[in-house]
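1. Requesting a structural model of the entry that follows:
(2 chains)
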There are 2 protein chains.
Amino acid sequence: MKKTVQFSSAPVTFYFDVAFAKLRDVLDPASAIILTDENIFSKHKKYLKEFQVIVMPAGEANKTQKTVDHIILQLIEAGADRNTTLIGLGGGVVTDITGYVAGIYMRGISFGFVPTTILAMVDAAIGGKNGIDVGVYKNIAGLIRQPSFIWYDYNLLSTLPNEEWINGFAEVIKHACIKDRKMFVALQQQKLSFWKRDRVSLAKLIRQNVDIKVKVVQQDEFEKADRKLLNFGHTFGHAIENLYGIPHGHSISIGMGIACKISEKLAGFKETESILQLLKQYGLPPSFAFDGGATMKVMQADKKKQGQAIHFILLEKIGKALIKPVSFADLSEFTA
Amino acid sequence: MKKTVQFSSAPVTFYFDVAFAKLRDVLDPASAIILTDENIFSKHKKYLKEFQVIVMPAGEANKTQKTVDHIILQLIEAGADRNTTLIGLGGGVVTDITGYVAGIYMRGISFGFVPTTILAMVDAAIGGKNGIDVGVYKNIAGLIRQPSFIWYDYNLLSTLPNEEWINGFAEVIKHACIKDRKMFVALQQQKLSFWKRDRVSLAKLIRQNVDIKVKVVQQDEFEKADRKLLNFGHTFGHAIENLYGIPHGHSISIGMGIACKISEKLAGFKETESILQLLKQYGLPPSFAFDGGATMKVMQADKKKQGQAIHFILLEKIGKALIKPVSFADLSEFTA
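-> Numbers count the residues shown, from 1 in each chain, chains lettered A, B, ... in the order given. Model prediction:
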């Protein structure tokens, strides 16, 4: 199923539940180059025969300028020009790097995504944000620029490790917390094993999450207001992720736990226990003993910072979030 | 004098003939950071007291990712956030790096330019193109994104070395060749020493060049058509510049010489001698013994390449340029 969504900067075409092999019907392999990581390449090599492929090392630790340099040199080598489309086949690291490289190569070429993880399908591939990390500073360099298409082939999930399912569901739970109480309840009624088994329900859940994210981005592509809500759990989460190298889903799970506590104090939130319970139910850690001082230092460089405060995402209730400037002094209470 | 120009992506405010010291009247130094190079910093330190300043090493050889990394870390250190304006004070290398870093830092912050060279005033600072070099590939990574302002203080030219005046006039002559026969004639009637001496005539000449470039960019900001004309002399020029480390103005002078010869053959151009003569009159080399094979190889990665041809800028007559796809096979004739 094909659906084109209009964002303020550009349209994006979504292909849902279409085999990856059909990609060549909409895009000439001769004018496309696929960027993927070593894991995906070894698992899905057979689909890639017709394409030129650039393979990067896997993992968040490689979302760096060094990888970007490497890819740019390979694009030159491969003769990529302004008519080339770069296709990111992989999880959030691959889609982030793909969007970034395509945004700067020759001052911008077309790109598309074929997400292979839950996290990329429901979150990372959507909305045009891309970026790389510099040291412990996550996504400190990046762009907002839309892919021309996003391609959903749920069969690609068949090789996804359990750990990555858990990671992805952290963003699903985040969407439920900030925007969809009904989805929260539906998640409470199941375990991860259900979604892994029931393809139809999973496809529906992914579509619901795509719709939530698309709607937010349509209203505020350049994150002047409501798009910030999607950062629920991400302020502490990103800092902890980069300090400790914990997986993204685990980190934002911990971040959501902290954000719940701050929400209790500053927004009268009363449902912390339900959220902590749901996180645990999906194999996610709701808390973690981290170094408060070091974490605060990383947050001082957070992109949501303005002067001595940070735009923090709080919950009023499950399904309803708000943005509030919170001073670093106030935050430090929660890192003691 | 203040003038706001509307480009398709954003407006840009030009300040003409205003002392740099007045910048603090339109921009709070507390929310701005100046990026400049070692040369400019040592010459104009006294104007910079109120600002935080990041100093980069001078010269095209430093228009690289290494410099970008260094600047990003210094921005984090300085506490730059999404409300910070980055101001590039310098020549084309500084303005290119400023626009690029501001474009990617935290996914984009505001920036402005205070050009200190003729080349930056008439060309590099205008139009939003920025970028860095990767190896011998010039501007292979970059963006098109407009500064919020461009500030012209002609007093900053008082310390400009003669070599840089010559460099800048290469772009002035380029503008005359492609768009303004009258300006070409005016240039023929003077020598560089006249423009260096006569501040009023120089200010007028710079304004004429700004107007030419602004008009072209307004019509075609993202270089789908006519903006390509500004690349006259730059295809061979860039390749030679990066292979031999010759100054930009000299390189495009050589490139214009070659483009004239190609124009004779493919566009019936008959005024090569006048152009070569004018280049010499302004201290620019109209030819150079370069390695044809190596130059062709670099051009194969030119951003104007499409498949096995390149969009080449030719002259029909002085003041009138055209774009023609020329095959690499045809170009190789002129590199023998």
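2. Can you tell me which residues in chain A are near chain B?
-> Counting by Cβ under 8 Å from any Cβ of the partner chain, the residues of chain A lying close to chain B are A:65, A:69, A:72-73, A:76, A:79, A:81-83, A:103-108, A:129, A:131, A:134-135, A:137, A:139-144, A:300-301, A:303, A:305-307. Placement of C-beta: from N, CA and C, glycine included.
3. how about the strands in chain A?
-> A:2-6, A:11-16, A:32-37, A:52-56, A:85-90, A:110-115, A:132-134, A:137-141, A:149-152, A:305-306, A:309-317, A:320-327 (DSSP state E).
4. Quick one: the helices in the stretch 101-250 of chain A, in order.
-> A:118-119, A:162-179, A:181-188, A:192-197, A:199-219, A:234-244, A:248-267 (DSSP state H, counting those that start in this stretch).
5. Which one, of the strands of chain A, ends up nearest to B:G92?
-> With Cβ to Cβ, the closest approach to B:G92 among these belongs to strand A:137-141: 21.9 Å.
6. Centre of the chain to that closest one, how far?
-> 14 Å (Cα atoms, centre = their mean, to the nearest Å).
7. Does anything pack onto that strand? Which helices or strands?
-> On a contact count with 3 or more Cβ pairs under 8 Å, 6 or more residues apart in numbering or on different chains; DSSP states H and E, strand A:137-141 meets strand A:132-134, helix A:234-244, helix B:65-77.
8. Out of the ones you listed, flag the one nearest A:Y152.
-> The minimum distance between A:Y152 and the helices and strands packed on strand A:137-141 falls on helix A:234-244, with 23.7 Å, by Cβ to Cβ.
9. Show me the contact partners of that closest one.
-> If you take Cβ atoms under 8 Å, 6 or more residues apart in numbering or on different chains as the criterion, helix A:234-244 is touched by A:60, A:133, A:136-139, A:246-248, A:251-256, A:258-259, A:288, A:290-291, A:294-296, A:298-299, A:302, A:304, A:310, A:312-313.
10. Show me how to select, in PyMOL, the buried members of these.
-> Only the buried entries of these go into this PyMOL selection, using 16 or more other Cβ atoms under 10 Å in any protein chain shown:
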select buried, chain A and resi 60+133+136+137+138+139+246+247+248+251+252+253+254+255+256+258+259+288+290+295+296+298+299+302+304+310+312+313
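11. Any regions of the stretch 201-336 of chain A where pLDDT drops low?
-> Applying pLDDT under 70 to the stretch 201-336 of chain A flags the ranges A:336.
12. Just want the residue of it that's nearest chain B.
-> Chain B sits closest to A:K303 of the stretch 201-336 of chain A, with a gap of 4.4 Å, by Cβ to the nearest Cβ.
13. which non-adjacent residue is nearest that residue?
-> B:M106 (4.4 Å; Cβ to Cβ, 6 or more residues apart in numbering or on different chains).
14. which residues does the one you found contact?
-> By Cβ under 8 Å, 6+ apart, the contact set of B:M106 is A:I140, A:G142, A:K303, B:A80, B:D81, B:R82.
15. A:T159 and A:N62: what is the separation?
-> 20 Å (Cβ to Cβ, to the nearest Å).
16. if you count what's nearby, which of these two comes out ahead?
-> Set A:T159 next to A:N62 and count neighbours by other Cβ atoms under 10 Å in any protein chain shown: A:N62 wins out with 19 against 13.
17. which ones are touching the more buried one?
-> A:D37, A:M56, A:V93 are the contacts of A:N62 under Cβ under 8 Å, 6+ apart.
18. before we move on, what about A:D180?
-> Contacts of A:D180 by Cβ under 8 Å, 6+ apart are A:Q208, A:I212, A:G319.
19. How much space separates it from B:R199?
-> 66 Å.
20. With A:W151 instead?
-> Using Cβ to Cβ, one obtains 60 Å as the distance from A:W151 to B:R199.
21. quick one: which of those two has more around it?
-> Neighbours were counted for A:W151 and for B:R199 using other Cβ under 10 Å; A:W151 has more, 24 against 14.
22. Pull up the per-residue confidence for that one.
-> For A:W151, the model assigns a pLDDT of 98.
23. mind checking how far it is from A:V53?
-> Distance from A:W151 to A:V53, by Cβ to Cβ: 16 Å.
24. cool, and A:L230?
-> 31 Å.
25. the more surrounded of these two?
-> A:L230 (25 against 17).
26. who touches that one in this structure?
-> Counted by Cβ under 8 Å, 6+ apart, A:L230 has contacts A:D123, A:G127, A:K174, A:I178, A:K213, A:V216.
27. Please report which of those residues has the highest neighbour count.
-> Within those, most neighbours by other Cβ under 10 Å means A:K174, with 30 neighbours.
28. Need the pLDDT of that one.
-> 98.
29. Touching, it and A:L229? I think so.
-> No - under the criterion of Cβ atoms under 8 Å, A:K174 is not in contact with A:L229, lying 9.5 Å apart.
30. hang on, the earlier thing: just put the contacts of B:M106 in CSV and tack on distance to B:E164 and neighbour count.
-> Listed next are the contacts of B:M106 as CSV, based on distance: Cβ to Cβ, whole Å; neighbours: other Cβ atoms under 10 Å in any protein chain shown:
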residue, distance to B:E164, neighbour count
A:I140, 34, 22
A:G142, 34, 23
A:K303, 37, 22
B:A80, 29, 26
B:D81, 35, 21
B:R82, 34, 16
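31. Pull up the gap between the one residue sitting closest to the centre of chain A and A:P57, please.
-> Centroid check for chain A by Cα atoms, centre = their mean gives A:A124 as the closest residue, at 2.7 Å. Distance of A:A124 to A:P57, given as Cβ to Cβ: 18 Å.
32. hang on, A:P286 packs against A:L279?
-> Yes - if you go by Cβ under 8 Å, A:P286 and A:L279 touch, sitting 4.7 Å apart.
33. Grab the nearest non-local neighbour of the residue nearest to the centre of chain A.
-> A:G92 (3.3 Å).
34. shouldn't the one you found be in contact with A:T117?
-> Yes - A:G92 is within contact range of A:T117, at 6.9 Å (criterion: Cβ under 8 Å).
35. count of residues packed around the closest residue to A:K182 other than its chain neighbours?
-> In space, and not counting its chain neighbours, A:K182 is closest to A:G319: 7.8 Å by Cβ to Cβ, 6+ apart. Other residues lying near A:G319 total 18 when counted by other Cβ under 10 Å.
36. residues in contact with A:G319?
-> A:G319 touches A:A176, A:C177, A:I178, A:K179, A:D180, A:R181, A:K182, A:F184, counting by Cβ under 8 Å, 6+ apart.
37. mind checking pLDDT for the nearest residue to A:A321 once chain neighbours are set aside?
-> Excluding its sequence neighbours, the residue lying closest to A:A321 (Cβ to Cβ, 6+ apart) is A:I178, at 3.9 Å. For A:I178, the model assigns a pLDDT of 98.
38. Likewise for the one 10 residues further on?
-> If you check A:Q188, the pLDDT there is 98.
39. Hmm, it is touching A:Y282, no?
-> No - with contact defined as Cβ under 8 Å, A:Q188 does not reach A:Y282; the gap is 10.1 Å.
40. So the two - more neighbours on which side?
-> Using other Cβ under 10 Å as the criterion, A:Q188 and A:Y282 rank with A:Y282 on top: 20 against 12.
41. Count the residues that sit near the closest residue to the more buried one other than its chain neighbours.
-> Spatial nearest neighbour of A:Y282, chain neighbours left out: A:F169 (4.7 Å); criterion: Cβ to Cβ, 6+ apart. When neighbours are defined as other Cβ under 10 Å, A:F169 has 26 of them.
42. show me what contacts A:F169?
-> Residues in contact with A:F169, defined by Cβ under 8 Å, 6+ apart, are A:I118, A:L187, A:L192, A:W195, A:G249, A:Y282, A:G283, A:L284.
43. again with A:A78
-> A:A78 touches A:I33, A:Q52, A:I54, counting by Cβ under 8 Å, 6+ apart.
44. burial of the last one, as a residue count?
-> A:I54 sits with 21 neighbouring residues when counted by other Cβ under 10 Å.
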